[in-house]
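Undergrad: build me a structure from this.
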Amino acid sequence: MASVVAACWSRLRSAQAASMIARKSVMRKGYRNECRKTSTLLVRNNCPAPTKKPKQFRENTAELASLRTTMQPTTFLLASVLKPLDDTRMYGKFGRTLVSRAGERHTVHVAGRQATLPPDAPPGLHFHSLLRGSRLSWERLGAQGRYWRLLQRLRPDIVIVHAPELLPLTLLWQLLNRRRAFLYDVRENYALNIRTQQVYPAWLRGLLVGVVRGLETVAARRAAGILLAEHSYADELPFAESSRTVVLENKFQPEPGQLLAAAAHALPPRHAPLHLLYSGTISALNGVFEAVALTHKLRHFWPAAHLTIIGFCQRPEVLTKLRTTVAASPETVTLVGGDTLVPHAQIVAAIRRSHLGLLPYQRHDSTWRCVPTKLFEYLANGLPVLVPHNPRWAALVQAHGAGLAVSFPDEPMAQLADRLTACFYSQGIPQDVFWASEATKLWELLDTIR
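TA: All right, here's what the predicted structure looks like:
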């Protein structure tokens, strides 16, 4: 079945290419006729050859150039089940990029988990809720029906799928009309996560891994493009070998109207408050309890050190333990969010108020080869950081003089307090951590399929 689908898709692409070639051929025919007439007159009158191309050719060439650089109005649908409507990648990066291209007008629909809608969403961007309950509620099954109805009602030209559980209906939608196109955005190595993170019972993991990897393999053959959120996925995923595979890292996209940081955050003297930050997904694997432990130890040398934890926690047992920890030390730790989604603008505001960002990740196969989104966010806002001894993260931090690699939470605190007096970001805010470079790559791919 997959080979038949692939062959049909190949014929469709060939037909589209032939159509474009035929159009160009017709447009150039006028120029060839013009050249023949001109050559005949030149021979008869013994005149020198002209150095300027005929007007008709110049006009046709301009039209061809216009065809290459301008995309007709396109309707996009960006969809996930668990990612919130204001998700930083789906809405903040993809959605805002697709509606903001100069000289073009496109419509973008974002479908995902119910959340507070961004008050400053640009014109042409619309939101649709697929999930209102928790990830383990029956509402999650209903999300499939809502997604299918959106496909029928919106009739998008291009769908960007941000979750593997929406691949079956997307494949069916594309099979019913081969002119439809979709991209698959691989945000995680889902099969590896299922196998190693022990969220599911052991007997179920193997089945889920096989189903997810099978779906992704079929989708990769039929998709107009594969988008990878990490460079490491190109080596880890067997289906990511296509020439249509593009890496789009989770670099920082400033909020609308946000002024970029002009200088790095300066750390205060030891007698003054030191604001530490843990932001994003709250989990034991991401090191939230190591962040708390480091803060307690640092207070022996920096008495007014205080940790803010801001983000969302999907595991109830982790959140219960964290709340107990926070309640026991309110002068040391503050929790924002936890059981509720926190708008990204609020997280960015917390970054800009802080002195030091913590990334106390535990070593794990599912995360160790990835670059955390929060690392790009901290670097783009000039926030000094503490990272574990991960070779790639430490190299990125060292290249920009952005912080220190430490052993969480066992770093000698007296030495750490002394090292924090160093000057960070001496070369200024790095420019290679912003989304603009990835937006260019996204448009380059889209221009080949529209």
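
Undergrad: can we go C-alpha only for contacts and neighbour counts from here?
TA: Noted.

Undergrad: now the helix or strand where residue 378 lies: mean pLDDT?
TA: Assessed by DSSP states H and E, residue 378 sits inside helix 373-380. Helix 373-380 shows a mean pLDDT of 98.

Undergrad: and it, C-alpha only, in CSV?
TA: Extracted C-alpha coordinates of helix 373-380, given in CSV (Å, rounded to 0.1, in the frame of the first residue of the first chain):
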residue,chain,number,x,y,z
THR,A,373,14.1,25.6,24.4
LYS,A,374,14.7,27.5,27.6
LEU,A,375,18.4,27.6,26.9
PHE,A,376,17.7,29.6,23.7
GLU,A,377,15.3,31.8,25.7
TYR,A,378,17.8,32.5,28.4
LEU,A,379,20.7,33.3,25.9
ALA,A,380,18.5,35.6,23.8
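
Undergrad: now do the strands in the stretch 151-300 of the chain.
TA: Remark: strands assigned in the stretch 151-300 of the chain by DSSP state E, counting those that start in this stretch are 158-161, 181-186, 225-228, 245-247, 274-279.

Undergrad: then the stretch 351-450 of the chain?
TA: Along the stretch 351-450 of the chain, the segments classed as strands by DSSP E, counting those that start in this stretch run 356-358, 385-387, 403-405.

Undergrad: where does this structure have low pLDDT?
TA: 1-70, 136 (pLDDT under 70).

Undergrad: so what's the residue count around residue 231?
TA: Neighbour count for residue 231, taken as other C-alpha atoms under 10 Å: 15.

Undergrad: make that residue 146, sorry
TA: 15.

Undergrad: cool, the one 4 residues further on as well?
TA: Here the number of neighbours of residue 150 (other C-alpha under 10 Å) works out to 18.

Undergrad: can you list contacts of the top strand by length along the chain?
TA: Using DSSP state E to define each element, the chain has its longest strand at strand 75-84. Residues from elsewhere that reach strand 75-84 (C-alpha atoms under 8 Å, 6 or more residues apart in numbering): 90, 95, 106-115, 130-131, 135, 140, 143, 155-163, 165-166, 341.

Undergrad: could you pull out the helices in the stretch 301-450 of the chain for me?
TA: In the stretch 301-450 of the chain, the segments counted as helices under DSSP state H, counting those that start in this stretch are 316-328, 344-353, 373-380, 391-399, 413-419, 436-446.

Undergrad: may I see the buried residues of the first one?
TA: I take that to be helix 316-328. Across helix 316-328, burial judged by 16 or more other C-alpha atoms under 10 Å covers 318, 319, 322, 326.

Undergrad: now residue 291: how far from residue 332?
TA: Applying C-alpha to C-alpha, to the nearest Å, the value for residue 291 to residue 332 is 11 Å.

Undergrad: domain parsing for this structure?
TA: With domains defined by automatic domain parsing, the chain comprises 75-251+437-446, 274-419.

Undergrad: of those, which is nearest residue 430?
TA: domain 274-419 (6.7 Å; C-alpha to C-alpha).

Undergrad: can you give me the end-to-end span of that closest one?
TA: 14 Å.

Undergrad: now do stretch 348-361
TA: Using C-alpha to C-alpha, first and last residues of stretch 348-361 are 20 Å apart.

Undergrad: which residue is the nearest non-sequential neighbour of residue 213?
TA: residue 191 (6.3 Å; C-alpha to C-alpha, 6 or more residues apart in numbering).

Undergrad: so that neighbour touches residue 209, yeah?
TA: Yes - judged on C-alpha atoms under 8 Å, residue 191 makes contact with residue 209 at a distance of 4.9 Å.

Undergrad: tell me which residue is most central in the chain.
TA: residue 89 (3.9 Å; C-alpha atoms, centre = their mean).

Undergrad: which ones are touching that residue?
TA: residue 250.

Undergrad: ok, now residue 230?
TA: Counting by C-alpha under 8 Å, 6+ apart, residue 230 makes contact with 187, 247, 248, 249, 370, 371.

Undergrad: returning to that earlier point: so the residue nearest to the centre of the chain sits in a helix?
TA: Yes - counting by DSSP: H, G, I helix; E, B strand; the rest coil, residue 89 is part of a helix.

Undergrad: and the gap between it and residue 223?
TA: Between residue 89 and residue 223 the distance is 20 Å, computed by C-alpha to C-alpha.

Undergrad: list the contacts for residue 314?
TA: Counting by C-alpha under 8 Å, 6+ apart, residue 314 makes contact with 282, 283, 339.

Undergrad: neighbours of the last one, how many?
TA: Looking back up the chat, that one is residue 339. If we define neighbours as other C-alpha under 10 Å, then residue 339 has 15 of them.

Undergrad: wouldn't it be in contact with residue 313 here?
TA: Yes - taking contacts as C-alpha under 8 Å, residue 339 lies within contact range of residue 313: 6.0 Å.

Undergrad: hey, what's in contact with both of these two?
TA: In contact with both residue 339 and residue 313: residue 319, using C-alpha under 8 Å, 6+ apart.

Undergrad: so what's the closest residue in space to residue 409 that isn't next to it in sequence up against?
TA: Spatial nearest neighbour of residue 409, chain neighbours left out: residue 294 (5.0 Å); criterion: C-alpha to C-alpha, 6+ apart. Counting by C-alpha under 8 Å, 6+ apart, residue 294 touches 408, 409, 410.

Undergrad: now tabulate the residues you listed in TSV and tack on distance to residue 267 and neighbour count.
TA: Output for the contacts of residue 294, formatted as TSV (distance: C-alpha to C-alpha, whole Å; neighbours: other C-alpha atoms under 10 Å):
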residue	distance to residue 267	neighbour count
408	20	22
409	20	20
410	22	11
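
Undergrad: tell me the contacts of the nearest residue to residue 359 once chain neighbours are set aside?
TA: What sits nearest to residue 359 in space, not counting adjacent residues and going by C-alpha to C-alpha, 6+ apart, is residue 387, at 5.1 Å. Taking C-alpha under 8 Å, 6+ apart, we find residue 387 in contact with 358, 359, 360, 361, 393, 394, 403, 404, 405, 406.

Undergrad: gap between residue 387 and residue 352?
TA: Distance from residue 387 to residue 352, by C-alpha to C-alpha: 18 Å.

Undergrad: can you pull the contacts of residue 309?
TA: Counted by C-alpha under 8 Å, 6+ apart, residue 309 has contacts 277, 278, 279, 288, 333, 334, 335, 336.

Undergrad: try residue 375
TA: Residue 375 neighbours (C-alpha under 8 Å, 6+ apart): residue 359.

Undergrad: same deal with residue 449?
TA: 181, 224.

Undergrad: now residue 144
TA: 130, 166, 169.

Undergrad: isn't the last one right up against residue 148?
TA: Yes - contact status for residue 169 versus residue 148: in contact at 6.8 Å, counting by C-alpha under 8 Å.
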